[in-house]
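Participant: Predicted model and sequence follow; I will ask about them next.
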Amino acid sequence: MLGARGDAEAAEGAEGAEPEDNDPYLLADAAYIQKDTRWRNKQRTLVFSSRGVTSRFRHLCEDVRKMLPHHKTEPKFEKSSKLHEINEVCELKSCNNVIFFESRKQEDLYMWLGRVPSGPTMKFQVLNIHTTSEVRLAGNCLLGSRPLLYFDKHFSDISFLKLMKGLITQAFGTPRNHPKSKPFHDHIMCFYWLDRKIWFRHYQISPDTVGDEDNPEKQSLTEIGPRFVLDPIRVLGGSFSGQTLYANAHYMSPTALRVQAKKLLKSPYVKRLTDKKERKQRIEDNELSDDPLDEVFT
């Protein structure tokens, strides 16, 4: 009886008590703590190529599109059209960044990276191309996830690399809360400045063990692809036009390199005659003169 009476009194006391306040500081309604799910940084990048690209160049363009969830596509650009007409295409697609792959002679690939409509615009030659399907790498990442962008220390020290870093960040960086992106960071795009060129590598970020998902010190990188090298040519002040802000003095066009290679590798017959003439001249120069003391003791 005493136990039942005690339980009844405890129940009556609980009914009469005020409900416990789980949010005494009103943090649930605080505007500065609420998660922002709106798409504020509205960056859109148009990725397309010119007509006449090879299969490898086309696959590289597709790999770049897969890495950028905020991209938009466009049919191939006619070679007879002027480059400044790309601004109109970007305006129709509501894009403020553009990555345009231009193919020449079906063996040389150039990449235009520009900010529309005010500029600037950068022109690169793409070298050492290895697409994702060509290089069988073990890495993989979630399609549509937001990438991390990594630049080495040279992009903070050299003036024209600072400009390239800002333009690459706007074009390749997926905006936060983009409708087609996923809120995960499981891959990283790396840009390295080496030998006066920009080397691009793409890695997957994966934890070493199951319990290390949130530990940044225990993550491993596995290359995904693609991989390529960008040789900067020039930077224009406007969008596909304007004053030249930077010109690479060490750049040689593919045509000039081919002409130089042909001069070095001439006809084998001409080379053989030249070697024969040089050998004859070398023998004549090393020929010893007659010694006047040879007939003294005869």
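Facilitator: Received it, and whenever you're ready, just let me know what you need.
Participant: can you pull out the helices in the stretch 101-250 of the chain?
Facilitator: Ranges of helices within the stretch 101-250 of the chain are 154-157, 159-172, based on DSSP state H, counting those that start in this stretch.
Participant: Phi first, then psi, for Leu92.
Facilitator: Backbone torsions for Leu92, taken as degrees, to the nearest 10, come to phi -70, psi -30.
Participant: circling back to that earlier point, how about JSON lines for the helices of the stretch 101-250 of the chain, with distance to Met252 and mean neighbour count added?
Facilitator: Yep, even glycine has a C-beta here, placed from its N, CA and C like the rest. Output for those, formatted as JSON lines (distance: least, C-beta to C-beta, whole Å; neighbours: other C-beta atoms under 10 Å):
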{"stretch": "helix 154-157", "distance to Met252": "22", "mean neighbour count": "14"}
{"stretch": "helix 159-172", "distance to Met252": "19", "mean neighbour count": "17"}
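Participant: how about the ones you listed, which one is nearest Ser118?
Facilitator: With C-beta to C-beta as the measure, helix 159-172 is the member of those nearest Ser118 (12.0 Å).
Participant: Run through who's touching that closest one.
Facilitator: Contacts of helix 159-172 with the rest of the structure, by C-beta atoms under 8 Å, 6 or more residues apart in numbering, involve 43, 45, 67-68, 96-99, 113-115, 120, 122, 147, 149, 151, 154-156, 189, 191, 193, 198, 232, 235, 245-246.
Participant: do stretch 234-244 as well
Facilitator: With C-beta under 8 Å, 6+ apart as the test, stretch 234-244 has contacts from 83-84, 86-87, 112, 114-123, 160, 163-164, 245-248.
Participant: Need the buried ones from these selected in PyMOL.
Facilitator: Of the contacts of stretch 234-244, the buried ones can be selected in PyMOL as follows, counting by 16 or more other C-beta atoms under 10 Å:
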select buried, resi 83+86+87+112+114+115+116+119+120+121+122+123+163+164+245+246+248
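Participant: Narrow the contacts of stretch 234-244 to those in strands?
Facilitator: Trp112, Gly114, Arg115, Thr121, Met122, Lys123, Leu245, Tyr246, Ala247 (DSSP state E).
Participant: Quickly name whichever of those residues is closest to Arg258.
Facilitator: Lys123 (19.7 Å).
Participant: how close does the closest one get to Phe155?
Facilitator: Remark: distance between Lys123 and Phe155 (C-beta to C-beta, to the nearest Å) = 18 Å.
Participant: mean confidence for the helix ranked longest in the chain?
Facilitator: Criterion DSSP state H: the longest helix present in the chain is helix 268-285. Averaged across helix 268-285, the pLDDT comes to 87.
Participant: Next: stretch 133-147.
Facilitator: On average, stretch 133-147 scores 86.
Participant: what sits up against stretch 128-147?
Facilitator: 56-57, 59-60, 63, 66-67, 69, 109, 172-174, 176, 178, 180-189, 202-205, 222-229.
Participant: And the residues you listed, which of them are buried?
Facilitator: If you count burial by 16+ other C-beta under 10 Å, the buried members of those come out as 57, 59-60, 63, 67, 69, 109, 172-174, 178, 181, 186-189, 202-205, 224-229.
Participant: Which ones among these map onto strands?
Facilitator: Leu109, His187, Ile188, Met189, His202, Tyr203, Gln204, Ile205, Arg227, Phe228, Val229.
Participant: Between those residues, which sits nearest Gly211?
Facilitator: For those, the residue nearest Gly211 by C-beta to C-beta is Ile205; the value is 15.9 Å.
Participant: For the closest residue to His84 other than its chain neighbours, the count of nearby residues, please.
Facilitator: Nearest non-adjacent residue to His84, counting by C-beta to C-beta, 6 or more residues apart in numbering: Phe240, 5.0 Å away. Neighbour count of Phe240, defined by other C-beta atoms under 10 Å: 20.
Participant: For Pro24, see how far away Phe240 is.
Facilitator: Taken as C-beta to C-beta, the span from Phe240 to Pro24 is 59 Å.
Participant: picking up where we left off before, could you redo the helices of the stretch 101-250 of the chain as a markdown table and give each row mean pLDDT and distance to Leu273?
Facilitator: Shown next, in a markdown table, are these (pLDDT from 0 to 100; distance: least, C-beta to C-beta, whole Å):
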| stretch | mean pLDDT | distance to Leu273 |
| --- | --- | --- |
| helix 154-157 | 94 | 49 |
| helix 159-172 | 93 | 48 |
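Participant: nearest to Asn286, of these?
Facilitator: That would be helix 154-157 among the helices of the stretch 101-250 of the chain, by C-beta to C-beta, at 52.0 Å.
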